[in-house]
Structures are given as C-alpha cells and as structure tokens.
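Engineer: structure for this input, please:
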Amino acid sequence: MKRYYLAALVAVVFVLYAKSLFFDYTYLDDAKLILKDQKFLSDFSNLPDAFKRDVLSGREGPGVFYRPLVTVSLMLDAHIGKAGPFVYHATNVMLHALVTCLVFIVLAALEYPALPSFLLSLVFAVHPVQTQAVAWIPGRTEMLLAVFSLSAFLCLTRFCESGRAKYLFAHLFFFACALLSKESALAVIPVSLFYLYAVRKKKLFSEQVVVLAFCWSVTGLAWYFARDSFLPYQIQLTSQNMALGLVHNISGMILYLGKLFLPLNMSVLSVRQDMPFVYGEAALAAMVIIFAAARPKSVSRVLFGLVWAVFFLAPTFINPNPAMPSHFMEDRLYLALAGILIMFMEIDLIRNMRSWRDPAMSAGAGLILLLLCQTFQYSDFYKNRKTFWENAVMTSPHSYVAHYNLGNIYLDERSLDAAEAQFTAAIMLEPGKAIGYNALGLVYIEEGLFARAEAGFRKTLALDPGNKTAETNLDYLDFKMKKGH
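Structural biologist: Next comes the predicted model:
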C-alpha cells in the first residue's frame with residue numbers, strides 16, 4: 001500500500017508542476033547561476049573547482065554561499081540541456097517529488113499511520129509556499145537541503161533502532177551533503193539532539209549520543225575549514241552582526257507563519273514592509289487554540305516538530321551582507337513545513353484517520369484541493385521575468401530591487417514611460433543608490449532628453465565615483481549630442 005501512496009504523491013507533483021517545465025528564467029539569481037556561468041557549468045573538467053567557489057560569485061567576488069552541490073547539480077543539467085531552462089525546471093520538479101516521498105517516509109519512520117501520513121505529505125506537495133522552491137530554479141537549494149537533511153534523519157532513526165555502523169556512516173554522509181548544499185543544514189544537529197532526548201528518551205551522555213556528537217563535530221569542522229579555505233574574499237560574518245541580523249529579522253517568524261496557515265499574501269519577492277502581521281498573528285492564535293483544545297498525547301513530539309521548523313528557518317534570518325536589504329523569500333519555508341506537519345500529526349482527529357470514509361477526510365480533501373488550485377494559479381508568476389517582476393512590484397511596492405528590475409524589462413521593451421516610472425519609484429525608495437540614476441539616464445537618452453540624461457549619469461558618479469558604466473554612458477551621450485548637431 002505504501003508504494004501506491006508514494007506513486008500517487010509523485011503523480012500529483014508532476015501534474016501540478018508540469019507547466020513549470022516550460023517556464024523561462026526570472027532573472028533573479030537564475031541568470032547569474034546559469035546563463036552567466038554557462039561556460040563553467042558545461043565543462044565537466046571544472047567539477048573539482050565547484051568545491052572551491054561561491055555558488056553565486058564564483059571565484060571573482062566576495063563569497064558567503066559555499067554550496068558546491070548546488071553547482072554540481074547545475075553542471076549535470078547544463079551537460080544535458082545547455083543554457084535552455086527546460087532541464088533545470090525538470091530537475092526541480094523531480095527533486096520536489098523526491099522530497100515529498102521522503103516526507104512520507106519520515107512520517108512512517110516516526111510511526112504515524114499511513115493514511116494521515118499520505119494526506120499531510122500531499123499538503124507538503126501542493127502548499128503554495130512550496131511554489132518558489134519548485135518553479136524558481138534557484139529554489140533547488142532548499143530542495144537539496146531537504147533531500148539530504150531528511151535522508152540524514154531517516155538514517156539517524158535506523159541507527160537508534162539498530163546501533164549498526166552503516167546507518168551512522170550514512171547519516172554522516174547525508175549530513176555532509178546537506179552542509180554542502182546550504183549552511184542551514186547545521187540545524188540537523190539540534191533537531192537530532194532534541195529527537196534523541198525528547199522523543200527517543202536517550203540520555204544526553206549515552207554512548208550513541210556521545211558518538212554522534214563527536215562525529216557531528218568532526219564533520220562540521222571539516223565543512224567549516226573547507227568553506228574557509230576555498231571561498232575567496234569572504235564577507236566577514238561576526239557573531240555580533242549575525243546576532244543583530246537575527247534579532248532584527250526574527251519577526252519574520254510571525255510573517256512566515258501567516259503564509260503557512262493563511263497563504264493569501266503570496267509574493268515572489270516579499271519584503272517586511274509589505275507583509276501584513278495580521279495573518280501571522282491570526283495563525284499563531286489559531287495554533288494555540290487548536291493545540292490547547294486537542295491536548296496531544298505526546299507533547300514532546302509536538303515540541304520536536306516545533307524545534308524542526310524553528311531551527312531550519314531561523315538561520316535564514318541572518319543577513320550575510322548588511323548592505324543588502326532583507327527579503328523574506330518563500331522558498332525558505334520549504335523544509336520547515338515538514339516540522340509543522342509533524343506537530344499536526346499529533347492531533348487525534350488527524351492521526352486517527354484510518355479510512356477514506358472518515359468524516360475528516362472530506363475536510364482534508366477539500367483543503368488539499370484548495371491549496372492545489374492556489375498553487376497552480378500562483379506558479380504562473382514564475383513563467384518569465386516580466387510576470388515575475390510585475391508580481392514583485394505589485395505585492396512588494398517597497399522593494400527597490402523589484403522596481404529597478406521591472407524598469408530594466410520595460411527599458412528593453414522600449415516602454416519608456418513605464419521604465420521611467422519604475423526607476424523613479426526605485427530612486428524614491430533609496431535615493432542614495434547610484435544605479436537607479438544611471439538607469440534613468442538611459443531612459444532619457446532614448447527619449448532625447450539629453451540634459452536630463454547627463455544629470456542622471458553625473459548623479460551616479462557623485463554617489464559612486466569612478467563608476468565605469470556611468471562614465472561610458474556619458475561618453476556615449478557626448479557622441480549622441482555631437483552627432484545630433
């Protein structure tokens with residue numbers, strides 16, 4: 001029966017996300033990851049170098065994202081599909097299907113019944129917050145993290161049951177792979193410790209826990225030294241900056257909770273100023289009421305699910321570059337959702353479902369269908385760069401990045417009035433950023449407003465002396481003016 005459930009989960013994922021196979025690039029990180037790096041990705045002889053570079057800036061710029069397995073996955077796709085987006089999207093859909101199956105297997109390993117495990121795995125598969133991880137190619141970082149973290153946890157449960165070394169080594173292998181996919185994989189350690197102590201009732205200084213702690217330390221230190229050695233020109237992350245970033249953005253927990261339980265304010269590029277707290281506050285109140293009324297038998301398992309969600313989500317609130325604005329990207333909820341599902345599995349109404357005729361099944365099926373329809377519709381905003389950035393501006397009008405990028409799209413389309421409006425909006429949000437004035441100058445050149453164009457380029461140079469692009473544009477403007485005379 002479990003095989004049929006797994007097959008059904010895979011089928012639902014592929015039906016839901018089939019149209020994403022034909023989506024284009026959004027030009028938020030995907031162009032940098034794939035198009036600009038195509039020469040490197042398409043040459044398999046560069047495979048060792050994938051472990052010696054930042055996933056976004058390579059070896060040329062400041063580095064903070066040591067995620068070599070993400071680069072390796074892109075190299076495999078580039079070998080098959082070159083620079084076309086189809087293969088990259090297909091890999092994302094397959095990864096989501098795999099993770100959904102792993103969620104079902106993890107719930108089974110936690111000894112939950114098959115039917116409710118299947119239903120909650122369906123929620124994981126079709127929830128709108130998962131859309132970004134699947135339909136946006138760079139979202140595969142979260143899915144690779146999930147594949148390896150869930151696999152590591154499964155091997156941990158087998159090691160606890162059998163004590164066999166092969167499961168310990170498998171656990172450590174998947175933990176290492178998770179670290180090489182995303183830094184948030186460090187959350188595997190506290191999540192595993194809480195599971196061992198609160199769920200398995202292991203003593204903190206038992207032989208298994210001590211062995212695991214030693215192995216985690218060795219694996220984590222090896223990863224840290226590799227990252228420290230290979231990342232060029234690292235952005236320095238001081239403990240003070242990390243703590244300040246975490247405190248500053250921790251309110252995002254409430255905002256994200258709102259997206260999980262009331263996914264009515266979905267955005268391809270969320271910023272805090274445009275995310276209403278009311279949804280999160282309502283969701284938090286509802287959770288408190290539900291669990292207070294349900295009185296789950298195993299409070300430790302509810303807390304385990306909460307620890308899972310919090311520890312996999314919290315690291316995303318640390319902004320590695322304080323100069324950059326914080327965006328609350330929805331793909332960061334990807335693995336955290338599994339923890340929330342574990343919490344809800346402890347509610348008797350859900351856990352005790354044994355038959356498709358159960359009255360609760362109708363409500364569950366209706367909820368899943370509603371989520372599926374919303375995800376199907378929402379995914380359209382990822383089909384190309386124009387729909388992506390128009391949604392970003394519509395849902396996050398306080399985002400400088402959204403206005404600036406949409407302005408560039410309109411400029412490419414020769415929609416000059418629309419481009420001018422977007423660049424002007426960007427400048428109003430952050431008047432100290434030079435690139436907005438330079439972009440506005442390009443619009444004015446196209447409109448024949450040379451004096452305004454010159455003012456834009458000179459403003460750029462005043463804010464960013466030595467800006468080569470602005471200097472080149474001034475030279476071009478001078479040529480245009482002389483030619484006009």
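
Engineer: secondary structure element for the closest residue in space to Y437 that isn't next to it in sequence?
Structural biologist: Leaving out its chain neighbours, the residue that sits closest to Y437 by Cβ to Cβ, 6 or more residues apart in numbering is K459, at 4.2 Å. Where you see a C-beta, it was placed from the backbone N, CA and C, and this is true even at glycine. K459 belongs to helix 450-463 when assigned by DSSP states H and E.

Engineer: tell me the buried residues in the helix or strand just after that helix?
Structural biologist: Using DSSP H and E, the helix or strand that follows helix 450-463 in sequence is helix 468-484. By neighbour count on 16 or more other Cβ atoms under 10 Å, the buried set for helix 468-484 is 469-470, 473-474, 477.

Engineer: and for stretch 328-341?
Structural biologist: Buried-residue list, stretch 328-341, by 16+ other Cβ under 10 Å: 328-341.

Engineer: residues in contact with the residue nearest the centre of the chain?
Structural biologist: Nearest to the centroid of the C-alpha atoms of the chain, with distances taken as Cα atoms, centre = their mean, sits D331, at 3.1 Å. By Cβ atoms under 8 Å, 6 or more residues apart in numbering, D331 lies in contact with 130, 132-133, 136, 139, 141-142.

Engineer: try 7 Å this time
Structural biologist: 132-133, 136, 139, 142 (Cβ atoms under 7 Å, 6 or more residues apart in numbering).

Engineer: same thing with P315?
Structural biologist: So P315 contacts 183-184, 187 (Cβ under 7 Å, 6+ apart).

Engineer: hang on, the earlier thing: filter the contacts of D331 to the buried ones?
Structural biologist: Buried among these (16+ other Cβ under 10 Å): 132-133, 136, 139, 142.

Engineer: ok, the residues you listed vs D417, which is closest?
Structural biologist: W136 (29.2 Å; Cβ to Cβ).

Engineer: quick revisit: my read is the residue nearest to the centre of the chain is in a helix, agree?
Structural biologist: Yes. If the criterion is DSSP: H, G, I helix; E, B strand; the rest coil, then D331 is within a helix.

Engineer: how much space separates I435 from G441?
Structural biologist: 10 Å (Cβ to Cβ, to the nearest Å).

Engineer: check A90 too.
Structural biologist: 41 Å.

Engineer: which of those two has more neighbours?
Structural biologist: Legend: neighbour count by other Cβ atoms under 10 Å for A90 and G441, higher for G441 (26 against 18).

Engineer: so what pLDDT did the more buried one get?
Structural biologist: Per-residue pLDDT puts G441 at 94.

Engineer: next, it: phi, psi?
Structural biologist: G441 has phi and psi values of phi -60, psi -40 when expressed as degrees, to the nearest 10.

Engineer: quick one: contacts for it?
Structural biologist: 453, 456-457, 473.

Engineer: V87: neighbouring residues, count only.
Structural biologist: V87 has 18 neighbours, counted by other Cβ under 10 Å.
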